[in-house]
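1. please find the sequence and the predicted model below.
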Amino acid sequence: MNNMIKEIEDEQLKKEVPQFNVGDTVRVYGKIKEGNRERIQIFEGTVLKKQGGSNRATFTVRKNSNGIGVEKTWPLHSPNVEKVEVVRTGKVRRAKLNYLRNRVGKKAKVKELVK
């Protein structure tokens, strides 16, 4: 039974998974369906966390929109996620950046990783 589940999950995996880490600023190109039309909407923000594995892997992106924090959790292997583009790489020392929810202004920024 487990082999059947594994085979089905392997079929749903994307061939190319975007490489990004927690703390990076990313642009997520998500497909939005409105009636019979389909369009792509960009959601740009900081990656707060990545969790799960296989085809259940998700990542949460947070942005500040008109002074209000907006978070969205995206499935990594979803067909509704067109692509994920890394804008900036962040320098962080944690796996989950939940503390950013309580910060406002410059304190809510993540330093850029310079290589």
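-> Cool, the structure landed. Numbers count the residues shown, from 1 in each chain.
2. go through stretch 11-26 and flag the buried ones.
-> Of the residues in stretch 11-26, 20, 22-26 count as buried by neighbour count, 16 or more other C-beta atoms under 10 Å. In this view, the C-beta of every residue, glycine as well, is placed from N, C-alpha and C.
3. mind listing what's buried in the longest strand that the chain contains?
-> As assigned by DSSP state E, the longest strand anywhere in the chain is strand 37-51. Residues of strand 37-51 classed as buried by neighbour count (16+ other C-beta under 10 Å): 43, 45-50.
4. what is that strand packed up against?
-> strand 25-34, strand 58-65, strand 68-75 (3 or more C-beta pairs under 8 Å, 6 or more residues apart in numbering; DSSP states H and E).
5. please identify the deepest-packed of the ones you listed.
-> Ranked by mean neighbour count, these are led by strand 58-65 with a mean of 17 (mean count of other C-beta atoms under 10 Å).
6. what helices and strands are in contact with that strand?
-> strand 37-51, strand 68-75.
7. and the contacts of it?
-> Here strand 58-65 makes contact (C-beta atoms under 8 Å, 6 or more residues apart in numbering) with 20, 26, 28, 43-52, 69-76, 100-101, 108.
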